[in-house]
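**Student:** okay, predicted coordinates and the sequence, questions at the end:
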Amino acid sequence: MKKILVTGGLGFIGSHTVVELLNDGYEVVIIDNLSNSKIEVLNNIVEITSKKPDFYQLDLRVKSEIKNFFDNNKVDGIIHFAAFKAVGESVEKPLEYYENNIGSLVYLLQEMRNRNIDNFIFSSSCTVYGQADELPITENAPVKPAESPYGNTKQIGEEIIKEACYANNLNAIALRYFNPIGAHDSIKIGELPLGVPQNLIPFVTQTAAGIREQLSIFGNDYPTADGTAIRDYIHVVDLAKAHIVSLQRLFDKKNKHPFEFFNIGTGTGSSVLEVVKSFEQVTSQKLNYKIVDRRSGDITAAYADTTLANKELNWKAQKTLDQALLSAWLWQQKNI
Ligand code: WQD
């Protein structure tokens, strides 16, 4: 049985990926420093899968902690989620973002090289494209100068991984996520934003739950049908499954280059107002919102061309926006 290290494995996407790995017969060991996740998620993973992954509360910024981990754990592959991911916060604290997101990545790759560990899956983001010139966005779209330190850590991270793969005979796949939303069908794991949510869907569900008074829609003067910005909202379980097929591609040595990257979205764009209307329909909850000024740094539209992932990974998003929004609402109701 192959053993997979999942860093950030108690986080939103990480925990859903751990569930899929366990369900697929992998052994899993999680490293998480609990800076943006809760230890209760581990029990919830056990409840869903009846399997208990090993867990280490470690800080990947501490080189000696990583070395000690690998001295005591032999793994066959790594899925690396652990990173700070708040765009706005990254503008206020760029050095902490580079230290955490880049420093820990370099330490992990050094350990992989030193111990001949292959097969690395990297959590990247469509943010690397900025506002793409053409929609839907393919993997041929140029990577544009990052609009935030967070986005820059994803771009730099991909470059570091690529160079490490070619220099050290490693194999890696970066998955460029569009907008992950929703919760597991069991409603035992989901998104747990700490503090005021930065992302749209947790703010929507918290407004519907009465935790937030009103949703502010950032701008309705974009050049789109209804004036609000468009994104590609993908169910987190579909996204988790993309990690499993990517890992298997590397184990089966079907990758065509030592470093590959894929756009992981649904291929469909939805405006903020369309999301709000869909949420109201699937939940029968009227949402209190107002239109305010645009949020600085936001782009007009981003949605994926998923042809390459469909073909090379034999993967396609299965769940709809409505299913994702309903699961997010059901999860929110458990976390009032
Ligand atoms: C979506 C849309 C907002 C909140 C970011 C990162 C990306 C990834 C996902 C980490 C936009 C609008 C939002 C609100 C609103 N992060 N909005 N009111 O900015 O597309 O992507 O999060 O992996 O890397 O860049 O996601 O959910 O913040 O915004 O109107 O209260 O909702 O303007 O159009 P975004 P988001």
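**Tutor:** Now that the structure is in, tell me what you want to look at.

**Student:** is the ligand contacted by the helix ranked longest in the chain?
**Tutor:** In the chain, assigned by DSSP state H, the helix with the most residues is helix 149-168. No - figure legend: helix 149-168 not in contact with the ligand (C-beta under 6 Å from any ligand atom); closest approach 6.7 Å. Just so you know, the C-beta spots here come from the backbone N, C-alpha and C atoms, and that holds for glycine as well.

**Student:** try stretch 184-197
**Tutor:** No - Stretch 184-197 is not in contact with the ligand by C-beta under 6 Å from any ligand atom; minimum separation 7.0 Å.

**Student:** what ranges do the strands span in the stretch 151-300 of the chain?
**Tutor:** Counting by DSSP state E, counting those that start in this stretch, the stretch 151-300 of the chain has strands at residues 172-177, 179-181, 215-218, 230-231, 233-235, 259-264, 270-271, 289-292.

**Student:** okay, those strands in JSON lines with mean pLDDT next?
**Tutor:** Listed next are the strands of the stretch 151-300 of the chain as JSON lines, based on pLDDT from 0 to 100:
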{"stretch": "strand 172-177", "mean pLDDT": "98"}
{"stretch": "strand 179-181", "mean pLDDT": "98"}
{"stretch": "strand 215-218", "mean pLDDT": "98"}
{"stretch": "strand 230-231", "mean pLDDT": "98"}
{"stretch": "strand 233-235", "mean pLDDT": "98"}
{"stretch": "strand 259-264", "mean pLDDT": "98"}
{"stretch": "strand 270-271", "mean pLDDT": "98"}
{"stretch": "strand 289-292", "mean pLDDT": "98"}
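
**Student:** out of those strands, deepest packed?
**Tutor:** strand 233-235 (a mean of 27; mean count of other C-beta atoms under 10 Å).

**Student:** parallel or antiparallel, which strands does that one pair with?
**Tutor:** Partners of strand 233-235 in the sheet, by DSSP bridges, are strand 179-181 (parallel).

**Student:** who touches the partner strand?
**Tutor:** 12-13, 191, 199-201, 231-236, 239, 265, 324-325, 328 (C-beta atoms under 8 Å, 6 or more residues apart in numbering).

**Student:** mind listing what's buried in stretch 225-242?
**Tutor:** Residues of stretch 225-242 classed as buried: 228-242 (neighbour count, 16 or more other C-beta atoms under 10 Å).

**Student:** same question, stretch 308-327
**Tutor:** For stretch 308-327, burial by neighbour count (16+ other C-beta under 10 Å) applies to 308-309, 312-313, 315, 317, 319, 321, 323-327.

**Student:** now secondary structure and distance to the ligand too, for the residues you listed, in a markdown table please.
**Tutor:** Shown next, in a markdown table, are those (DSSP: H, G, I helix; E, B strand; the rest coil; distance: C-beta to the nearest ligand atom, whole Å):
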| residue | secondary structure | distance to the ligand |
| --- | --- | --- |
| L308 | helix | 20 |
| A309 | helix | 17 |
| E312 | helix | 22 |
| L313 | coil | 19 |
| W315 | coil | 19 |
| A317 | coil | 16 |
| K319 | coil | 18 |
| L321 | helix | 13 |
| Q323 | helix | 18 |
| A324 | helix | 13 |
| L325 | helix | 13 |
| L326 | helix | 18 |
| S327 | helix | 16 |
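
**Student:** could you dump those residues to TSV with pLDDT?
**Tutor:** Output for the buried residues of stretch 308-327, formatted as TSV (pLDDT from 0 to 100):
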residue	pLDDT
L308	98
A309	98
E312	98
L313	98
W315	98
A317	98
K319	98
L321	98
Q323	98
A324	98
L325	98
L326	98
S327	98
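
**Student:** how long is stretch 21-28 end to end?
**Tutor:** 7 Å (C-alpha to C-alpha, to the nearest Å).
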